[in-house]
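A.B. asks: what's the 3D shape of this:
(2 chains)
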Amino acid sequence: RKEVEQDPGPFNVPEGATVAFNCTYSNSASQSFFWYRQDCRKEPKLLMSVYSSGNEDGRFTAQLNRASQYISLLIRDSKLSDSATYLCVVNIGLAAGNKLTFGGGTRVLVKP
Amino acid sequence: NAGVTQTPKFRVLKTGQSMTLLCAQDMNHEYMYWYRQDPGMGLRLIHYSVGEGTTAKGEVPDGYNVSRLKKQNFLLGLESAAPSQTSVYFCASRNPQGDIPATNEKLFFGSGTQLSVL
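C.D. replies: Got it, this is the predicted structure:
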């Protein structure tokens, strides 16, 4: 089983709709979590960190479910510019050298 | 305000040739990483460094070597390139917030190197 798994998609989303997708992680010792956005083979850029109580930034909401070992990202009122690949990143912590492990990414396509 | 700079941006090699990718950061970050990304896959960690003079293996280290002689530079070497090493390579850096990972530990990426091995 991969350490961090994502549905590759694509999620085809009508403009203005809401889309949500999850990322599961296998190591219960994982300590911090992030969502990165990547456009067309460019470098990934941090979208948001995922706090234990959930985190909201404008149209984006991230949540953490430690019991079921997954994080989620919800995008409301989707814009054409939200089309991208969303990468889930997990930090297991010092015991694992503070390595940051990436999921395979979820591709989102927002269409008019 | 350069951030993380990778050179070169593109390179074509023949099987068996060697090359070095350079990553330079001007943010005084302790941690530096080399990732590769293949179609349909996320970023896979090749090697990483938690400080000057230290390196460690990541998920896919075979066929690569690294060095961190200076804090600001992290070099990735391919001793004898193989077609399986055709990929996009990303360098990244960050500053750890102590021993326990914090939610504000942002990774800063270079713009990537497209490497093709024929």
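A.B. asks: how about the strands of chain B, start to end?
C.D. replies: Under the criterion DSSP state E, chain B contains strands at B:4-7, B:10-13, B:19-25, B:31-37, B:43-49, B:56-57, B:64-67, B:73-78, B:87-94, B:108-109, B:113-117.
A.B. asks: CSV for those strands, including mean pLDDT, mean neighbour count and distance to A:Cys40?
C.D. replies: For every residue, glycine as well, the C-beta is placed using N, CA and C. Listed next are the strands of chain B as CSV, based on pLDDT from 0 to 100; neighbours: other C-beta atoms under 10 Å in any protein chain shown; distance: least, C-beta to C-beta, whole Å:
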stretch, mean pLDDT, mean neighbour count, distance to A:Cys40
strand B:4-7, 96, 18, 17
strand B:10-13, 96, 14, 16
strand B:19-25, 97, 19, 21
strand B:31-37, 94, 24, 12
strand B:43-49, 93, 23, 15
strand B:56-57, 92, 14, 30
strand B:64-67, 97, 18, 25
strand B:73-78, 97, 20, 23
strand B:87-94, 95, 24, 11
strand B:108-109, 94, 22, 14
strand B:113-117, 96, 18, 13
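A.B. asks: I'd like the secondary structure assignment at A:Ser81, please.
C.D. replies: helix (DSSP: H, G, I helix; E, B strand; the rest coil).
A.B. asks: Which residues of chain B lie near chain A?
C.D. replies: B:31, B:33, B:35, B:37, B:40-45, B:48, B:50, B:56, B:58-59, B:88, B:90, B:96, B:99-107, B:109-112 (C-beta under 8 Å from any C-beta of the partner chain).
A.B. asks: any residues touching stretch B:11-29, and which ones?
C.D. replies: For stretch B:11-29, contacts defined as C-beta atoms under 8 Å, 6 or more residues apart in numbering or on different chains pick out B:2-8, B:32, B:34, B:71-83, B:89, B:91, B:93-95, B:108, B:110, B:113-118.
A.B. asks: center of chain B - which residue?
C.D. replies: In chain B, the centroid-proximal residue (C-alpha atoms, centre = their mean) is B:Trp34; its distance is 2.1 Å.
A.B. asks: For that residue, give me its contacts.
C.D. replies: Neighbour list for B:Trp34: B:21, B:23, B:45-48, B:58, B:64, B:66, B:74, B:76, B:89-91 [criterion: C-beta under 8 Å, 6+ apart].
A.B. asks: quick one: it from A:Ile75, how far?
C.D. replies: Distance from B:Trp34 to A:Ile75, counting by C-beta to C-beta, to the nearest Å: 30 Å.
A.B. asks: Let me have the strands of chain B in a markdown table, extended by distance to A:Ser32.
C.D. replies: As requested, these are exported to a markdown table (distance: least, C-beta to C-beta, whole Å):
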| stretch | distance to A:Ser32 |
| --- | --- |
| strand B:4-7 | 21 |
| strand B:10-13 | 34 |
| strand B:19-25 | 21 |
| strand B:31-37 | 14 |
| strand B:43-49 | 16 |
| strand B:56-57 | 19 |
| strand B:64-67 | 24 |
| strand B:73-78 | 22 |
| strand B:87-94 | 11 |
| strand B:108-109 | 16 |
| strand B:113-117 | 28 |
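A.B. asks: That concludes my questions; thank you for your assistance.
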